[in-house]
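Asks: My questions are about this predicted structure, shown below with the sequence.
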Amino acid sequence: MSAGPVSFVVIAQPYAGLVPLVAMLNRHPAILCHGDRFAPGRIVETDPSGAQVVRSGRPEIVRRDADPAAFLAAGFEAPGEGLAAVGQGMTVGAASERALRVLAERGDLPVIRLRRAN
C-alpha cells in the first residue's frame, strides 16, 4: 500500500516569485502545488488539470480563517491518482500568521523558502 504523495509547503516573502514557482511546479505531471491559499480575501488553488482557481467568497474565507489547521490539511489531499507530491504556497503576511504557527507546530513538512534581496 502506498503512503500517498509527499506534502510540502512554499513560504515566500512578497514579490519573491511564488506565482512563477507554483506555475513551474504544476508543469510536472506528478506534482500539484496550490497557490497562496492564505492570501488576504482570497484562496488561490490549483485544480487537477493544473488550472488556477481563485475563490473569494466570504463563507470560504471565514471557514479557512476559523480553522487554519484543518484548511491546511485539506490542501494536501491528492485530488487524483499518480501524484508524487502535493504542495501549497503561502506568502508571509498577516493573513498567513495563524497558518504559519500551525506549520511550526507540525514540524514534519518539507519547506521551500523564497526570499528576495532588496
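Replies: Okay, I see it. Owing to the predicted nature of the structure, the values given are computational and were not obtained by experimental measurement.
Asks: From Leu114, how far out is the spatially most central residue of the chain?
Replies: Geometric centre of the chain, nearest residue: Gln88, 1.7 Å, by Cα atoms, centre = their mean. Here Gln88 is placed at a distance of 13 Å from Leu114 (Cβ to Cβ, to the nearest Å). Where C-beta positions appear, they are placed from N, C-alpha and C, glycine not excepted.
Asks: Check Val92 too.
Replies: Distance from Val92 to Leu114, by Cβ to Cβ: 10 Å.
Asks: just to revisit the earlier point, residues contacting the residue nearest to the centre of the chain?
Replies: Contacts for Gln88 (Cβ atoms under 8 Å, 6 or more residues apart in numbering) come out as 8-10, 33-34, 37, 72, 75-76.
Asks: Now do the least confident helix or strand in the chain by mean pLDDT: distance to the chain's middle.
Replies: None of the helices or strands of the chain scores lower by mean pLDDT, DSSP states H and E than helix 97-106, at a mean of 78. From the chain centre to the centre of helix 97-106 is a distance of 13 Å (Cα atoms, centre = their mean, to the nearest Å).
Asks: Show me the strands in the protein, by range?
Replies: Under the criterion DSSP state E, the chain carries strands at the ranges 6-12, 31-36, 43-46, 52-55, 85-91, 111-114.
Asks: Thanks a lot, catch you later.
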